[in-house]
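Undergrad: Following is a predicted model, sequence given first.
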Amino acid sequence: MKTIGNIAAAILIFFGVLFIWGAGGNQGGGWTWVCGGLLSVLFGFGLIWFASRKPQAAGETNVTLNVDLPAQTKIESMNCKNCGGALKADNIKMLAGAPTVECPFCGTTYQLTEEPKW
């Protein structure tokens, strides 16, 4: 929709400028050409403004986090550092851009750290 609006606006602005430019050679009826050209140019810029507006989000915005793992990745089970309870993927959440885990058994919350791969 945005692309169609911008194309239509470009056409309106182009022809509006041609009308204004062509009004100089008219004898007597130049003001009607200028007014028509100005209306076309203003409508074109209004269409650009309308097409560039972002729609109002009705609800939450979903963010998808894709993790790119290297080849031959071995997934191990995770245990709580405090009580040793088994953790699931549901216990991991992103808070302020960092992965944190909350243990369902003891309630401990801590940030996950990645060990160097070398």
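TA: Received it, and whenever you're ready, just let me know what you need. Numbers count the residues shown, from 1 in each chain.

Undergrad: Buried residues of the longest helix along the chain, list them for me.
TA: Counting residues, the longest helix in the chain under DSSP state H turns out to be helix 30-52. Going by neighbour count (16 or more other Cβ atoms under 10 Å), the buried part of helix 30-52 is Trp33, Val34, Gly37, Ser40, Val41, Gly44, Leu47, Ile48, Ala51. All C-beta atoms are positioned from the backbone trio N, CA, C, and that covers glycine.

Undergrad: Among the residues you listed, which one sits closest to Gly97?
TA: Closest approach between the buried residues of helix 30-52 and Gly97, by Cβ to Cβ: Ala51, at 32.9 Å.

Undergrad: which residues of the chain fall in strands?
TA: Secondary structure of the chain (DSSP state E): strands at 78-79, 86-87, 92-95, 98-102, 109-111.

Undergrad: Output the third one as CSV, nothing but the C-alphas.
TA: This file holds the C-alpha atoms of strand 92-95, laid out as CSV (Å, rounded to 0.1, in the frame of the first residue of the first chain):
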residue,chain,number,x,y,z
ILE,A,92,14.6,-19.1,30.4
LYS,A,93,13.4,-15.5,29.6
MET,A,94,15.1,-12.5,28.0
LEU,A,95,15.3,-9.5,30.4
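
Undergrad: Give the other helices and strands that that strand contacts.
TA: strand 98-102 (3 or more Cβ pairs under 8 Å, 6 or more residues apart in numbering; DSSP states H and E).
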